[in-house]
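A.B. asks: heads up, no residue letters with this:
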Ligand code: ANZ
């Protein structure tokens, strides 16, 4: 019975299931460890190798922590609502519930094949009414806190998808999914007030162990700006325009004022002669996205004919509208200071508006000067330096005393659009009459279950397909005694994933989304592994929900994820022939650096690319496991490189890892597959090998440096093989070190090779004995041109560089090297160093 993954892997998976090995049970006497993976969207295509690349890391840490005595929660589930299932329903007529269930069956099978130590009894699926009842419940909690509200607003409307999209679902004016054009449209939308948490979302980042780049992107997305809100009276009327500025110290240089075209005051103050041009400009910008507007090279705009009084100078300045001013940011209006702001400078040049220097340091007629300097042409402030914000503070106070301004903090982030006009999502649990909210449902009325509909097609009117289920929509409400209508919008994809980590703590609770004592025990998550693409979506939303639940007294912690790590993308080696055609792996023959040969003539170029069906370079986990086994796949994905890097999958690489696992097998079994283990005393050399490996592998898993942990295990395998180690005291810890990476093989070796019953998962993790991990030092002779001249004390496996350096530093040898050059080195580690000099 040589190493046969196809035989042992299914056997151990069944054994783990039968023995409930990974079922997590709350136990206050034990320290807990919560390892969370970003749950997959169960697509019809099945698992992508990118999924295991991330899940393996969390599994390895979970397995280490279990052996270290932690009570580990390691769950898995499905983020099952979403557009692809709905698109399939439209295209193929298969109801989303059915195609999603089929996909889940396939995902579960594939995940189980990989030997993950998930507690499968805690599996959740977000489209299950028993789950989304609680998503609806949390929505109601948010509504009760004033955090869910409706507003008429400009939204990203995608006609092709028939739905509104969030800003992060729109890329370059096109929908992220499908690449359809997106336009601006005024619609009534459900919103979540994430902006109310801006300051806390920033502050919390200082308390969590996340990659710095990820924190920085969240900070940028929140976009905190300190500045002032300043009031400009409109000349000849009662209107007041408020502007937001980060440079109040430049107010004496504000030579015009610009409002966003959609600013509601525009209609009230526009003069008759300008009205037609203003209207035309407003219509033109209405359909443009914010991104496009800000990217414009050439600034456009029109004058309203009205004027405002600069509160600092008392002078009238013209009021313009221009689309470089965004309605949703600050106050939707700016004081334009062309001398010191680039965009204002461009605009002033284009429209021939005056440019005034109020801070010294540049030539403002040529270009805006944005640096610090001394205030000039600024009345009582002349001579004030602008550094360190002193001038800003003084001028803000001065304006405040005159009732014209105040210090404010503004954030770039917007509230979260929380409605989709689609079918396959959680119905929003609200009853309305004539479009206005009458009441939120109560917990007892949940879940609001998705009705069956005749057509999943978007209605195109902006209403979701649910609107056509009239029997479901119309409710004779016992509470109000009125005939009401259900909200027909559904929640966005990011709703369910904003709290799933709480449900895992208490997945079968029918009376609460998660009992407080359960979340108190398991939360916060100790290790969360997932991709960077969720940085400003899911990872931000989940933090907000946690804070809202914290405020409602429903959870203890206000940050859900203590430690976060990212995994990179798995790329594919793709081979092209001279005609740029893709060549299948099987036809690729000899390798010469970056070039490969097909048959005898063609030279192929290999590139690392994103896997895609179209390129035919997608790696299917089923095929890999069938050929090499799950353990080889797990080990290979770790060995590819640092977790967070993008790295190419290579078919040759996995074969090498399969061969390594075969050698691991041979450490425990001889050629006739008889266990080698005996009760002999271990040799010093073998103890050194194993204890060094224990130290390195443990440290590396802690730091998620899985590739170097595998290298250390390669070395240990080689050395134990060379030493023909048989001692139980060495072979047992060796198999334990293999366990997190290749758990099926380790279980087999633990039972068949070492004669244990009861599995390896909870056997206490070995501890490195420092007596065997500190390097041994021995004396070796140093010869100069064959004559012994002295001795050096170095490790028996020290490198040649280290040996030469030691010789050069030795008092005995040094005189023989003075003024000479070493021309050749003959080094036998642990024996002799011979230096040839000239
Ligand atoms: C006058 C000024 C003078 C400005 C100057 C800058 C430099 P951040 O840092 O991104 O917050 N601004 C304010 N609201 C805007 C809006 N709705 N659309 C477009 N631009 C807007 O930038 C704040 C600055 O961006 C504000 O300060 C304002 O221009 C502009 F020498 O006011 B400033």
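C.D. replies: Arrived safely. Just so it is clear, the structure is predicted and the values come from calculations on it, not from any experiment.
A.B. asks: give the contact list for the closest residue to the ligand within the stretch 601-750 of the chain.
C.D. replies: Closest residue of the stretch 601-750 of the chain to the ligand, Cβ to the nearest ligand atom: residue 644 (29.9 Å). Just so you know, the C-beta spots here come from the backbone N, C-alpha and C atoms, and that holds for glycine as well. Applying Cβ atoms under 8 Å, 6 or more residues apart in numbering, we find residue 644 in contact with 211, 565-568.
A.B. asks: between those, which has the most around it?
C.D. replies: In terms of neighbours by other Cβ atoms under 10 Å, the contacts of residue 644 top out with residue 567 at 28 neighbours.
A.B. asks: ok, and the closest non-adjacent residue to that one?
C.D. replies: residue 54 (4.0 Å; Cβ to Cβ, 6 or more residues apart in numbering).
A.B. asks: looking at this, residue 826 is in a strand?
C.D. replies: Yes. According to DSSP: H, G, I helix; E, B strand; the rest coil, residue 826 belongs to a strand.
A.B. asks: returning to that earlier point: ok, the residue of the stretch 601-750 of the chain closest to the ligand to residue 532 distance?
C.D. replies: Going from residue 644 to residue 532 by Cβ to Cβ, to the nearest Å gives 8 Å.
A.B. asks: shared neighbours of the two, which are they?
C.D. replies: Counting by Cβ under 8 Å, 6+ apart, the residues touching both residue 644 and residue 532 are residue 566.
A.B. asks: quick check: residues of the stretch 151-300 of the chain near the ligand?
C.D. replies: 225, 244-247, 250 (Cβ under 6 Å from any ligand atom).
A.B. asks: swap the cut-off to 8 Å and go again
C.D. replies: Neighbours of the ligand within the stretch 151-300 of the chain, by Cβ under 8 Å from any ligand atom: 223, 225, 227, 243-248, 250-251, 253-254, 260, 294.
A.B. asks: out of these, who's the most crowded?
C.D. replies: Busiest of those [other Cβ under 10 Å] is residue 254, holding 31 neighbours.
A.B. asks: now do the contacts for it.
C.D. replies: 310, 312, 317, 335-337.
A.B. asks: quick one, strands of the stretch 351-500 of the chain?
C.D. replies: 405-411, 416-417, 430-433, 436-440, 474-476, 483-486 (DSSP state E, counting those that start in this stretch).
A.B. asks: ranking those by burial, who's on top?
C.D. replies: Among those, ranked by average contacts under mean count of other Cβ atoms under 10 Å, first place goes to strand 416-417 (a mean of 22).
A.B. asks: next one: residue 708 relative to residue 662, how far apart?
C.D. replies: In terms of Cβ to Cβ, residue 708 sits 22 Å off from residue 662.
A.B. asks: actually residue 94, not the one I wrote
C.D. replies: For residue 94, the distance to residue 662 - Cβ to Cβ - is 44 Å.
A.B. asks: what's the answer for residue 403, then?
C.D. replies: Distance, residue 403 to residue 662, by Cβ to Cβ: 83 Å.
A.B. asks: neighbour count for these two, which is higher?
C.D. replies: residue 662 (15 against 9).
A.B. asks: state the number of residues packed around the nearest residue to the more buried one once chain neighbours are set aside.
C.D. replies: Spatially, and ignoring its direct neighbours in sequence, residue 662 is nearest to residue 3 (4.9 Å; Cβ to Cβ, 6+ apart). The number of residues packed near residue 3 is 23, by other Cβ under 10 Å.
A.B. asks: re the thing from before, Throw the strands of the stretch 351-500 of the chain into TSV and include distance to the ligand and mean pLDDT, thanks.
C.D. replies: Formatted as TSV, the strands of the stretch 351-500 of the chain follow (distance: least, Cβ to the nearest ligand atom, whole Å; pLDDT from 0 to 100):
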stretch	distance to the ligand	mean pLDDT
strand 405-411	6	96
strand 416-417	19	91
strand 430-433	31	97
strand 436-440	29	96
strand 474-476	42	97
strand 483-486	36	97
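A.B. asks: could I get the contacting residues of residue 417?
C.D. replies: Contacts of residue 417 (Cβ under 8 Å, 6+ apart): 153, 155, 164, 166, 189-191, 492.
A.B. asks: so which of the residues you listed is the closest to residue 473?
C.D. replies: The nearest member of those to residue 473, counting by Cβ to Cβ, is residue 190 at 16.6 Å.
A.B. asks: low-confidence bits of the stretch 551-700 of the chain, can you list those?
C.D. replies: The model of the stretch 551-700 of the chain has pLDDT under 70 over residues 585-596, 598-604.
A.B. asks: helices along that one, start to end?
C.D. replies: Under the criterion DSSP state H, counting those that start in this stretch, helices of the stretch 551-700 of the chain are mapped to 621-628, 630-639, 651-668, 684-702.
A.B. asks: as CSV, those helices with distance to residue 171 would be great.
C.D. replies: Formatted as CSV, the helices of the stretch 551-700 of the chain follow (distance: least, Cβ to Cβ, whole Å):
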stretch, distance to residue 171
helix 621-628, 29
helix 630-639, 29
helix 651-668, 33
helix 684-702, 37
